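**Student:** turn this into a model:
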Amino acid sequence: MFNLVYQSIQSLKNPSLWRLLAGCVLTNLILLILFIWGVMAGMEHLAQHAGSIPLWLVQLLTGATAIIAAWFLFPILLPMIAGLFAQNIADIIEKSCYPQSMLLTPPPSFWQSFCFDIRLAITGILLNIIVLPLYLLPGINIIPYYLLNGYLLGHGFFMIIARRHLPIPEIRALRRQYRWKLLIAGMVIVALSAVPGINLLVPILAVAMMVHLFQRIENSNTQPKPFR
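**Tutor:** Residues are numbered from 1 along each chain as shown. As a prediction, the model looks like this:
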């Protein structure tokens, strides 16, 4: 798995990805700012009805809540962010590393892929709300958080890439066969998304990871060529 992460980081050296990388970072920053602003605005609105709570305490709690909520929910939004760039990223990496790889005819359209990414993000938000009580248990809260979101992101990103090449029934069979490998890959994505700075690159890294992982699964004898 460490080799897979290293291979994905090496993919970012491809100059063709730099424009997408800049767009991904900018999109992440905008969404994070809007999310934190929305949470803070909502908390301040609620605080107006609290009456006796000091203003400085309201501001402190509001800021802390916004940052914590952004840190927890950011991985759930990754598929939606990646959906804006996933097909172009996958095209560049596959053409550079796996030119023999065959696409479905016709491949999924941008809107088909993006709608799938939105459904995945909404599913993730709803499931995280359901298990929210477990997140409040100190000491063990990280276990359900990583298991749930690792599963969602591992299987979700694999589907994003695999559906470019295979029909859905075959993808489901592969997901069952390699479910543990996909879970670990998803947990790595969740862990990377918790690192400030690196989390801005995670949507592209996640797509790159799944491109390489899919190709390994599809053909264990395939060795990527160096970028030119």
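**Student:** mean confidence for stretch 30-50?
**Tutor:** Mean per-residue pLDDT for stretch 30-50: 69.
**Student:** over to stretch 118-135?
**Tutor:** pLDDT averaged over stretch 118-135 gives 82.
**Student:** how far off centre is it?
**Tutor:** 14 Å (Cα atoms, centre = their mean, to the nearest Å).
**Student:** neighbouring contacts of it?
**Tutor:** Applying Cβ atoms under 8 Å, 6 or more residues apart in numbering, the contact partners of stretch 118-135 are 72-73, 75-80, 83, 140-141, 144-145, 148-149, 152, 156, 159. Placement of C-beta: from N, CA and C, glycine included.
**Student:** which of those count as buried?
**Tutor:** 72-73, 75-80, 83, 141, 144-145, 148-149, 152, 156, 159 (16 or more other Cβ atoms under 10 Å).
**Student:** filter the residues you listed down to just the ones in helices.
**Tutor:** 72-73, 75-80, 144-145, 148-149, 152, 156, 159 (DSSP state H).
**Student:** quick one: which of the residues you listed is nearest to residue 170?
**Tutor:** Here the nearest of these to residue 170, counting by Cβ to Cβ, is residue 159; it sits at 11.6 Å.
**Student:** please name the residues that touch the closest one.
**Tutor:** 116, 120, 171, 175.
**Student:** ok, and the most crowded of those?
**Tutor:** residue 120 (23 neighbours; other Cβ atoms under 10 Å).
**Student:** what about the helices in the chain?
**Tutor:** Counting by DSSP H, the helices of the chain are 2-11, 18-47, 55-82, 86-97, 110-130, 132-135, 142-162, 168-177, 179-193, 202-218.
**Student:** convert stretch 145-159 to CSV, retaining C-alpha atoms only.
**Tutor:** Output of stretch 145-159 as CSV, limited to C-alpha atoms (Å, rounded to 0.1, in the frame of the first residue of the first chain):
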residue,chain,number,x,y,z
TYR,A,145,-14.9,6.8,11.6
TYR,A,146,-12.1,5.2,9.6
LEU,A,147,-14.0,2.0,9.0
LEU,A,148,-17.1,3.7,7.6
ASN,A,149,-15.4,6.4,5.5
GLY,A,150,-12.6,4.0,4.4
TYR,A,151,-15.2,1.7,3.1
LEU,A,152,-17.2,4.5,1.4
LEU,A,153,-14.1,6.1,-0.2
GLY,A,154,-12.4,2.8,-1.1
HIS,A,155,-15.3,1.3,-2.9
GLY,A,156,-16.6,4.7,-4.2
PHE,A,157,-13.3,5.7,-5.9
PHE,A,158,-12.8,2.2,-7.2
MET,A,159,-16.2,2.4,-8.8
